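S.K.: take this sequence and fold it.
(one chain, ligands or ions: 2)
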Amino acid sequence: MKSIPIILLGCGGVGRQLLDHIISSRSLHSKQGIVIRVVGVSDSSSLLVSDDIMLSGMRDEFLAEICRAKSAGSPLKSLLNHGHCQLFRGQDALENIVSIASSLGRSTGLAVVDCSASAETIGILEQVSSLGCCVVLANKKPLTCAIEDFEKLVSHFRRIRFESTVGAGLPVIASVTRVISSGDPISRIVGSLSGTLGYVMSELEEGKAFSEIVRAAKSLGYTEPDPRDDLSGMDVARKGLILSRLLGWRINLSDIKIESLYPSEFGPDSMSTDDFLAKGLSQLDEKLKERVVTASSKGNVLRYVCVIEDLRCNVGLRELPKDSALGRLRGSDNLVEIYSRCYKNSPLVIHGAGAGNDTTAAGVLADIIDLQDLFA
Ligand SMILES: NC(=O)C1=CN([C@@H]2O[C@H](COP(=O)(O)OP(=O)(O)OC[C@H]3O[C@@H](n4cnc5c(N)ncnc54)[C@H](OP(=O)(O)O)[C@@H]3O)[C@@H](O)[C@H]2O)C=CC1
Ligand SMILES: N[C@@H](CC=O)C(=O)O
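M.R.: Ligands and ions are numbered 1, 2, ... in the order given. Below you'll find the model as predicted:
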């Protein structure tokens, strides 16, 4: 049986769903000759490490207990006495991950899986990948910091996967990478890359209030932890940046033109996420309604679009014909069109559910399994 040890960073909606998928795929993986051993799990304040990282991992009952406790709002440290594990915090936690990476990295293909929404994981990801570990990301931030950090991470290209950072479980990164590796130059990528904004736009067409729709998108697991990351266009810009950098463009977030759906006085510097959700959002209802009505009077719909072309990436609202490919999109679906020499007149199109904990975690799990071919 091939044993795959993993350390999970982040135990929120996506991280917990990943643990759930791992548990429920046990018999499938066993038929494939694979067993995933979760040797460590961290949240924002601590890291739990299994007592025997070399041979076993955390038991499934304990992983399920972690999911229950975290979804009830308890920190990981509340579970210390329930499993055969140790707890580390701060610098100790980071040193422990490095120590596990040194023992297991090169020999077993230990995968460090980032399901946090933090930019702070970049340092540890760089360290473990230099120690021969695999890295799997749902978190876009480490790939959208400084270009030098991006280049360092992807320099271990065969040991890093980040399919879920763009289009959740959809094979967007894999498709772009395959087209590039075949020597077929990509000239343009255009798409609707936000499950949240797709859902918001199509629900607005049904006459619902913007504030209600955003709250529903959050409870469906589509939004970022702070939905303003979606509404500001920043989340789409991050996806656009990842794709642009894959094309070899050495650009940064500051080079991207981004249209925000809310004014700066509603931003994180002026109000908390809770205040924005409770009070700020409803003040935006009328403005968004007017924009939808204006577009509709011309037979159009609004879509939040990312265009990557001619060394430029722009993201913002566009009025599009109702019957265009993007205009027909419903709910949280994403659609991406890739144009290249081979796909000049008829683009490569990827379409499907583009957000949600289930599909995102499924993409992460597929990445973990995919990497293990390197460690046969
Ligand atoms: N939902 C979706 O459709 C998709 C999400 N993603 C990405 O998945 C990631 C996770 O999203 P989601 O689960 O909704 O986010 P949550 O806010 O639900 O969870 C984030 C988790 O990360 C933990 N965390 C925060 N900082 C750190 C840190 N420095 N080290 C380790 N853990 C940390 C948090 O800890 P604590 O519990 O203590 O707060 C929390 O457990 C995000 O980056 C998001 O962009 C990507 C594609 C699609
Ligand atoms: N918040 C994001 C989640 C996936 O990246 C979205 O709405 O698309």
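
S.K.: what does this structure have sitting close to ligand 1?
M.R.: 9-15, 42-45, 70, 115-118, 120-121, 138-140, 164-165, 168, 195, 221-222, 224-225, 355-357, 360 (CB under 6 Å from any ligand atom). Quick note: C-beta positions are derived from backbone N, CA and C, even for glycine.

S.K.: tell me where the stretch 51-200 of the chain has helices.
M.R.: 60-71, 90-108, 122-130, 147-154, 172-181, 195-205 (DSSP state H, counting those that start in this stretch).

S.K.: mean pLDDT lowest where, among these?
M.R.: In terms of average pLDDT, helix 90-108 trails the rest of the helices of the stretch 51-200 of the chain, at a mean of 93.

S.K.: between helix 122-130 and that one, find me the angle.
M.R.: With axes from the mean of the first three to the mean of the last three CA atoms, to 10 degrees defining the directions, helix 90-108 sits at 20 degrees from helix 122-130.

S.K.: elements contacting helix 90-108?
M.R.: Applying 3 or more CB pairs under 8 Å, 6 or more residues apart in numbering; DSSP states H and E, one finds that helix 90-108 contacts strand 2-9, strand 34-42, strand 46-50, helix 122-130.

S.K.: show me what the shortest one is in contact with.
M.R.: I take that to be strand 46-50. 37-42, 56-58, 66, 75-77, 79-80, 83-89, 93, 96-97, 100 (CB atoms under 8 Å, 6 or more residues apart in numbering).

S.K.: sorry, back to before: dump the helices and strands packed on helix 90-108 into CSV; add mean neighbour count and distance to ligand 2 as well.
M.R.: Conversion of the helices and strands packed on helix 90-108 to CSV gives the following (neighbours: other CB atoms under 10 Å; distance: least, CB to the nearest ligand atom, whole Å):
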stretch, mean neighbour count, distance to ligand 2
strand 2-9, 23, 17
strand 34-42, 23, 21
strand 46-50, 23, 25
helix 122-130, 19, 18
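
S.K.: now those as CSV including distance to Ser332?
M.R.: Output for those, formatted as CSV (distance: least, CB to CB, whole Å):
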stretch, distance to Ser332
strand 2-9, 24
strand 34-42, 27
strand 46-50, 32
helix 122-130, 28
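
S.K.: among those, which is nearest Asp269?
M.R.: Evaluated with CB to CB, the helices and strands packed on helix 90-108 place helix 122-130 nearest to Asp269, the distance being 23.0 Å.

S.K.: now this structure against ligand 1: closest residue?
M.R.: Per CB to the nearest ligand atom, Gly12 is where the chain lies closest to ligand 1, at 1.8 Å.

S.K.: run a quick neighbour tally on that residue.
M.R.: The local packing of Gly12 (other CB atoms under 10 Å) involves 18 other residues.

S.K.: hmm, it is touching Ser118, no?
M.R.: No: the pair Gly12 / Ser118 is not scored as a contact, 10.5 Å apart, by CB atoms under 8 Å.

S.K.: pretty sure Gly195 contacts Leu170?
M.R.: No: between Gly195 and Leu170 there is no contact under CB under 8 Å: 10.2 Å.

S.K.: show me which of those two is the more surrounded one.
M.R.: Neighbours were counted for Gly195 and for Leu170 using other CB under 10 Å; Gly195 has more, 27 against 23.

S.K.: mind jotting down where the strands sit in the stretch 151-300 of the chain?
M.R.: 160-161, 186-192, 257-258, 300-309 (DSSP state E, counting those that start in this stretch).

S.K.: roughly how far apart are the residue nearest to Arg16 when sequence neighbours are not counted and Arg26?
M.R.: With sequence-adjacent residues excluded and distances taken as CB to CB, 6 or more residues apart in numbering, Arg16 is closest to Cys67, at 4.4 Å. Note on Cys67: its distance to Arg26, by CB to CB, to the nearest Å, is 15 Å.

S.K.: of the two, who's got more company?
M.R.: Cys67 (19 against 13).

S.K.: show me what contacts Ala361?
M.R.: Ala361 touches 14-15, 17-18, 20-21, 115, 138, 164, counting by CB under 8 Å, 6+ apart.

S.K.: picking that back up, most tightly packed of the helices of the stretch 51-200 of the chain?
M.R.: helix 195-205 (a mean of 24; mean count of other CB atoms under 10 Å).

S.K.: that one close to ligand 2?
M.R.: Yes: residues of helix 195-205 contacting ligand 2 under CB under 6 Å from any ligand atom: 195-196.

S.K.: that helix to strand 300-309, inter-axis angle?
M.R.: Going by the same axes, to 10 degrees, helix 195-205 makes 160 degrees with strand 300-309.

S.K.: got a list of contacts for helix 195-205?
M.R.: 168, 192, 210, 213-214, 216-217, 220, 222-224, 227, 230-231, 235-236, 261, 288-289, 292, 296, 301-304, 329-334, 353-356.

S.K.: for the residue nearest to Arg16, what are its contacts?
M.R.: Cys67 neighbours (CB under 8 Å, 6+ apart): 11, 16, 19-20.
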